[in-house]
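*Asks:* structure for the following, please:
(3 chains)
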Amino acid sequence: MDKVQNNKAWFLVLPVLVLVAFSAVIPLMTVVNYSVQDTFGNNVFFWEGLGWFEQVLTDSRVHGALGRQLAFSGIILAIQIPLGIAIAVCMPKKGFWASVCLVLMALPLLIPWNVVGTIWQIMGRGDIGLVGYSLSALGIDWNYARDPLHAWITVIVMDVWHWTSLVALLAYAGLQSIPQAYYQAAKIDQASRWSVFRYIELPKMQGVLLIAILLRFMDSFMIYTEPFVVTGGGPGSATSFLSIDLVKMALGQFDLGPAAAFSLMYFLVILLVSWVFYTVMTNLDKAEGR
Amino acid sequence: MVQITLDNLAHSYLPNPQGEDDFALKQLDHVWKDGEAYALLGASGCGKSTLLNIISGLLVPSRGRILFGDRDVTHQDTVARNIAQVFQFPVVYDTMTVGDNLAFPLRNRGMAPAAIAEQVQKIAAMIGMEDQLKRKARGLTADAKQKISLGRGMVREDVNAILFDEPLTVIDPHMKWELRTQLKALHNEFGHTMIYVTHDQTEALTFADKVVVMHDGRVVQLGTPEELFDTPEHTFVGYFIGSPGMNLIDAEVAGDTAQCGGHAIDLGGHYRTPKGRVQIGIRPEFVTLTAGDRGLPVTIKRIEDVGRHQILRAEFAGKPINAILPEGFAVPAGANRLHFAPDRINVYADDWRVAPLHAVANPVKEAV
Amino acid sequence: MVATTETFTATARRSAFPKVRARHVVMVAYLLFMLIPIYWLTKMSLQTNQEILGGFTLWPQNPTLDNYRVILTDPSWYMGYVNSITYVVMNTVLSLAVALPAAYAFSRYRFLGDKHLFFWLLTNRMAPPAVFALPFFQLYSSVGLFDTHIAVALAHTLFNVPLAVWILEGFMRGVPKEIDETAYIDGYSFPRFFIKIFMPLIASGIGVAAFFCFMFSWVELLLSRTLTAVNAQPIASIMTRTVSASGLDWGVLCAAGVLTIVPGALVIYFVRNYIAKGFALGRV
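*Replies:* Predicted coordinates:
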C-alpha cells in the first residue's frame, strides 16, 4: 500500500513512545549506569569504567552458562521446529476435529510458566510422578535432582511440551493459506506426498517458520521460570542458564555492577543473533528469487 | 486419447440434496469427442468449474457415470485418468527452476532423462521461456508463472485430455492472443481432446471447434461459433454471446407474424402458436434504423461510436433495444423506426428456441 | 496403458490406508503427550496428601474437593487470582489503547524515523525479563508503585505493546485506504472514524492482539513476582512460596495449578476459530 508522508503521525505514536520510554529507557539507563560504577553501599558510587564488562567476559561461570544456554536453544530448535511442522501436517484441515486439536494444543501455551515447571517437577518424580515412576519401574534409576543428564532431559521434554504447539500452530496457519489448486495440480502431476511437502508446503510455510524460529530462539534464550522451578539450575549448575545466573547475581547476591554489565551483553547477544537470523533468512529468500 | 462420455451426470455439494436448486450441476448427458477442442462457456457460478473438476477426477459426482472410451472412471482419481489440468491462477513450484517445473510431471512418471530434456525444450520454446529454464520460478511475474502452468499442462504427450480452467485470467491481453494461438497450434499438432473453461466469449469463440454454453447448472447449447450466433437455442445464449447481446422482445406469435405491443413483425418461418412466455430474438447486427411509418417505433436514447461501428441504444415499451449501425452511418432525419431482418429472427417460448415448421417461401417480398 | 494405470491405482489404494493411519497415530500421540501431564495435575488435585504420598495410583481412589475448598475459602490464596486477573486486564486495556493509534500511524503514514521506531519497539520484545527485573524493582520502588497492580501492568506493557503494535499493523494493512478517505470525505473526524468505522473492521485483529497480551501477562512470573510483595501478589507467585515455605502440600499446589489453567482454557475456547490466523499474527 502507498503510504502518505505525514509527520503529524508522530502524535499517534506518542503514547507508545512515552509508555515504552518509561518502562524501557529509564530502566535500561539504570542498567548502563550500574554497569560502569561500583559501590561500597550507602548509595555512594564511583566510576568503574569497563571493569565489570571485563570481569563478566572472563568469568568462567558466565562462560558455562552461555555454553549451556546455546546448547539448550540449539536442541530446542532442532526438536521443536521439525516436530511442530510434522504435527501441523498431520492435523485435520477443517471441521470439528480441527477445532478440538487447536484448543487442546493451545492449552500449554496459556499455563503460567511456573505451573508448567510444577507439572514437570511432579511428572519426573520417582515417587508420585507418572514419568519418573514408570521409568523407575522399568529399572532406570531416574532422578533429575541428582543426575545432570536426567535434569537436562526433563527440562527439554518440558520445553517441548510447552512450546511445540506454538510452532505447530504457526505452521498450520501457513498450511491453511495454501490454495486448494496447488494440491490438485500436484495430484495431476502425480507428485509424491514427499514432493508435495518439499515443493509446495515447505516453501509456503517459510514466512511463518521464520517467525516461529525467531520467537522460539528468543524465548528459549531467555528461559528462566520453568527450569528454575524444576531444577533450580541444578544439580550443581547443570541447568543454570543465562537468566537464572543473572537473577542469582542481581537479586540474590546484589552484585549490581557485574549483573548490569552481564544484562547489557545478554541483551545485545539476543539482538545480534535475532538480527543475523532475520537477515540470513530474508536474504536467502531474495537470493532464491533473483 | 479417448472419447469422454458423461452419462446421466449430476452433482450437488450438499450431502442430501432436496430440490433441483440444491444441485450445482443438473442432469447432464454429453459426449466429448476424441481430439476436438471444446470451450465451456458460461457466467461465473454456472457450474462449469464443477463440471471440469468432475471430468478431471478432483470431484466425484453425486450421480451418474463418466466414461473414458468404454472404461468407467467415475471413481478413479486424476492420476488413473491420465489428465492434465491448468488452473485459473498460476500454480508453480516456487523453489524449482522453470525447467524443473516443466519436467516435474514427466519425472514423476519415470520418463528417461534425455526424453524429458527434449520435451522440456520443446514446451519452453512454445511458451517462449527457453532462455529462463535455469531460473528459479519464485519472483517471476504472474503471467510468466501462468505460462509455466500452461507448459506443465501440455508437457505430457500421452494424456487423455487437457483441461483449462480460465487459464488466461491473469495474462496480459496481447499475450492472451498469442498463447491462445499456440494452444490451437498444439491442438492441431497432437490432437489432444481439450476442454477450455472460460467466461469470455471471444476466448471461447476463437479457441474452440465446438462451444458448450452452460447456464444455471445445465448445458443450454452445444454448437459451432456460427450456430451460437445464428440460432441460439436458449435466450441466455443469445444474451451472453455477442456484444451487445441479442434483443428479446415479448411477442405473440402466430403463423409467420409476431405481434409486439400492437405492431406486426414478419418472421422468416411459420410457427404453431407457442405456449408460455413467448419472445422474439434478433441480434443487433440485423436491426436497421429507418424513417417512415414501417417497423417498430422506438425512443432513441443515444448512439455510441465504438470504432468499427456504432451502437444505437433505444427503448421499446420501456425495455432497452439495441442496433448496430455501420461506421459513418448518418441517421436520417426523423428516423425512429427499427426494422428486423425476418430470416434472422428466432422465436423463444419460456427461454427455449422454437424451430419454425418451414421457412417462409419468399420473405423478401413480405419484408416491411 | 489401461493395464498400467489400473495397477497403479491398486498400489495407491493400498498405500493410502497406512498413510491415513500414520497421521492419526501421530496426532493422537501428540495430543496424549499434551494432555497426560495436565491430567496428572488434575488427578493429584483431587487426592489428599496421604493418598498422593501413600502409593502410586493412576486415578484418584477417593476423589475429594478439599484442596479446592482450601483455595477458594482462604483470601491469601484466592486473592492471588484476583490480583493476577486485575493486572492482566489493566495491561491488556493499556497496551491496546496505546498500540491502536500507533499501529494506525505505522500502517498508513510515512514519517520521520518510522522504520527505526518500529524496529526499536520490536527490540523491546526481545529483551530478557531477567535484565529488567532489578531496574524495574528500583524504578517502581522509587516512584512508590511497588506492590501495586499498575506496576506489573506497566512492566508487562514493555513486552506487550510492541507485539500488539506489530499484530495490529498487520491487520490494518489489510484494510483498504479508500475506506479512510471515504469517511473523511463524508465528514467524519478522526476519532469518530477510528472508533465507529475502523475498529469494527479490524475487530478480529484487536481480539488476536488482546489474546496475546492476555497470554503473556498471565503466564509471566519473574517480573510480577519481583514487583509485588503482598497486596498485588499474583497467584503464580503465591504458589512458589507455598512450595518453599509450608513444605509440600501437593494436593493444594495441584489444585491451584489447575485453577490457573482454567482462565487460559476459557480464553482459548472463545477464540478457537481465530487461533490459527491469530498465531500467524495476521500475516499469512
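
*Asks:* just want the residue of chain B that's nearest chain C.
*Replies:* B:A80 (4.6 Å; Cβ to the nearest Cβ). In this view, the C-beta of every residue, glycine as well, is placed from N, C-alpha and C.

*Asks:* which helix in the chain has the most residues?
*Replies:* Let's take chain A. Of all the segments of type helix in chain A, defined by DSSP state H, the longest one is helix A:256-289.

*Asks:* let's do chain B instead
*Replies:* Chain B, longest helix under DSSP H: helix B:173-190.

*Asks:* can you report how many residues lie near the closest residue to chain A within the stretch 151-284 of chain C?
*Replies:* Residue nearest to chain A within the stretch 151-284 of chain C (Cβ to the nearest Cβ): C:G264, separated by 2.7 Å. For C:G264, the neighbour count with other Cβ atoms under 10 Å in any protein chain shown is 21.

*Asks:* could you list the low-pLDDT ranges of the chain?
*Replies:* Chain wasn't specified; assuming chain A. In the predicted model, chain A carries pLDDT under 70 at residues A:1-2, A:39-49, A:281-290.

*Asks:* chain C, not that one
*Replies:* C:1-20, C:240-248, C:275-284.

*Asks:* and the gap between the nearest residue to B:F68 once chain neighbours are set aside and B:N8?
*Replies:* Closest residue to B:F68 apart from its sequence neighbours, by Cβ to Cβ, 6 or more residues apart in numbering or on different chains: B:V2 at 4.6 Å. Taking Cβ to Cβ, to the nearest Å as the measure, B:V2 falls 19 Å from B:N8.

*Asks:* between these two, which one's more packed in?
*Replies:* B:V2 (20 against 11).

*Asks:* part of a strand, is B:G245?
*Replies:* No: remark: B:G245 does not belong to a strand; assigned using DSSP: H, G, I helix; E, B strand; the rest coil, it is coil.

*Asks:* burial count for it?
*Replies:* 19.

*Asks:* repeat that for B:H339.
*Replies:* Neighbours around B:H339, by other Cβ under 10 Å: 20.

*Asks:* quick one, what contacts C:C254?
*Replies:* A:118, A:122, C:41-42, C:44-45, C:67 (Cβ atoms under 8 Å, 6 or more residues apart in numbering or on different chains).

*Asks:* what comes up buried for the longest helix of chain A?
*Replies:* A:256-267, A:269-270, A:273-274 (16 or more other Cβ atoms under 10 Å in any protein chain shown).

*Asks:* do the same with stretch C:216-231
*Replies:* C:216-228.

*Asks:* can you list the residues of chain B near chain A?
*Replies:* By Cβ under 8 Å from any Cβ of the partner chain, the residues of chain B that approach chain A are B:53, B:56, B:58, B:77-79, B:83-85, B:87-89, B:91, B:93-96, B:104-105, B:108-109, B:136, B:138-139, B:149, B:152.

*Asks:* okay, and which of the residues you listed map to strands?
*Replies:* B:83-85 (DSSP state E).

*Asks:* out of those residues, who's the most crowded?
*Replies:* B:Q85 (29 neighbours).

*Asks:* tell me the contacts of it?
*Replies:* A:184-185, A:188, B:52, B:56, B:78, B:153, B:162-165.

*Asks:* how about C:Y269?
*Replies:* Contacts of C:Y269 (Cβ under 8 Å, 6+ apart): A:V103.

*Asks:* picking up where we left off before, how near is the residue of chain B closest to chain C to B:D165?
*Replies:* 20 Å.

*Asks:* B:A254 looks like it's in a strand, true?
*Replies:* Yes: assessed with three-state DSSP, B:A254 lies in a strand.

*Asks:* burial count for it?
*Replies:* 15.

*Asks:* what's the local residue count around the closest residue to it other than its chain neighbours?
*Replies:* Spatial nearest neighbour of B:A254, excluding adjacent residues (Cβ to Cβ, 6+ apart): B:T273 at 5.2 Å. Using other Cβ under 10 Å, B:T273 has 10 neighbouring residues.

*Asks:* also B:T235?
*Replies:* Neighbour tally, B:T235, other Cβ under 10 Å: 22.

*Asks:* was I right to think it contacts B:Y348?
*Replies:* Yes: in this structure B:T235 lies within contact range of B:Y348 using Cβ atoms under 8 Å: 5.4 Å.

*Asks:* which residue ranges form the helices in the chain?
*Replies:* I went with chain A, as the question did not name one. A:10-20, A:26-35, A:51-58, A:60-90, A:96-106, A:113-123, A:130-137, A:148-176, A:180-188, A:193-195, A:202-221, A:225-230, A:242-247, A:256-289.

*Asks:* can you look at chain B instead?
*Replies:* Using DSSP H, helices in chain B cover B:48-56, B:78-81, B:98-108, B:113-127, B:142-154, B:173-190, B:201-207, B:225-230, B:235-240, B:363-366.
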